[in-house]
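Visitor: can you look at this prediction? I've put the sequence above it.
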Amino acid sequence: KFMSPQQFPPTITHIDSGKIVSSGKKQLTELHQWATNLESFQSLSGEVRKALFTNSVTLLLLLKFAFKSSKASTKQIQDGVKSCYNPEGSSEQVVQKVGKLILDKLVSPLQTLITNDEELELFMAIILFDPSCETLNDENEF
């Protein structure tokens with residue numbers, strides 16, 4: 001069951017944006033380095049690389065987050081939620097609900113698909129090299 005907006009108000013005042021921005025920059029840099037180290041990605045034109053990376057970056061970030069979280073305990077996930085989202089007066093119950101939602105809807109389903117780092121990298125490459133990438137046009141085919 002999803003929480004109502006009153007139980008989990010998603011306002012920017014409740015988010016430590018500095019931590020999120022810093023973490024996001026680090027994750028984007030790591031993803032970009034991973035992609036540029038792939039020989040088949042290097043062989044593409046800059047325009048095609050940019051289109052593919054831009055098209056897939058959100059899903060790649062989510063996939064890496066879910067895979068890393070699959071190795072974490074429920075308490076570690078809840079502590080992570082608490083460190084980024086901790087509004088004044090929020091109860092432990094809200095943090096537990098968010099942590100459970102992450103586990104149930106994102107982490108658990110992924111654990112059945114991807115069991116090791118090699119499978120993660122292969123799945124990421126499939127996402128990166130999506131031939132139906134909407135930002136590619138006929139001139140940029142690969």
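Guide: Nice, I can see it. What you see is a predicted model; the values in this text were computed from it and never measured. Residues are numbered from 1 along each chain as shown.
Visitor: tally of neighbours for Leu59?
Guide: Other residues near Leu59 come to 13 when the count uses other CB atoms under 10 Å. Using the backbone N, CA and C atoms, a C-beta is placed for each residue, glycine as well.
Visitor: gap between it and Asp130?
Guide: Distance, Leu59 to Asp130, by CB to CB, to the nearest Å: 9 Å.
Visitor: can I get the helix or strand harbouring Leu59 in PDB, CA atoms only?
Guide: When elements are assigned from DSSP states H and E, Leu59 belongs to helix 46-69. Extracted C-alpha coordinates of helix 46-69, given in PDB (Å, rounded to 0.1, in the frame of the first residue of the first chain):
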ATOM      1  CA  GLY A  46      30.500  11.500 -30.100                       C
ATOM      2  CA  GLU A  47      26.900  12.400 -31.100                       C
ATOM      3  CA  VAL A  48      25.800   8.800 -30.800                       C
ATOM      4  CA  ARG A  49      27.600   8.200 -27.500                       C
ATOM      5  CA  LYS A  50      26.000  11.300 -26.100                       C
ATOM      6  CA  ALA A  51      22.500  10.200 -27.300                       C
ATOM      7  CA  LEU A  52      22.900   6.700 -25.900                       C
ATOM      8  CA  PHE A  53      24.300   7.800 -22.600                       C
ATOM      9  CA  THR A  54      21.700  10.600 -22.100                       C
ATOM     10  CA  ASN A  55      18.900   8.200 -23.000                       C
ATOM     11  CA  SER A  56      20.000   5.400 -20.600                       C
ATOM     12  CA  VAL A  57      21.600   7.300 -17.600                       C
ATOM     13  CA  THR A  58      18.500   7.400 -15.400                       C
ATOM     14  CA  LEU A  59      17.800   3.700 -15.800                       C
ATOM     15  CA  LEU A  60      21.500   2.800 -15.300                       C
ATOM     16  CA  LEU A  61      21.700   4.900 -12.100                       C
ATOM     17  CA  LEU A  62      18.500   3.100 -10.800                       C
ATOM     18  CA  LEU A  63      19.900  -0.300 -11.700                       C
ATOM     19  CA  LYS A  64      23.200   0.300  -9.900                       C
ATOM     20  CA  PHE A  65      21.400   1.700  -6.900                       C
ATOM     21  CA  ALA A  66      19.100  -1.400  -6.700                       C
ATOM     22  CA  PHE A  67      22.000  -3.800  -7.200                       C
ATOM     23  CA  LYS A  68      24.100  -2.200  -4.500                       C
ATOM     24  CA  SER A  69      21.100  -2.100  -2.200                       C
END
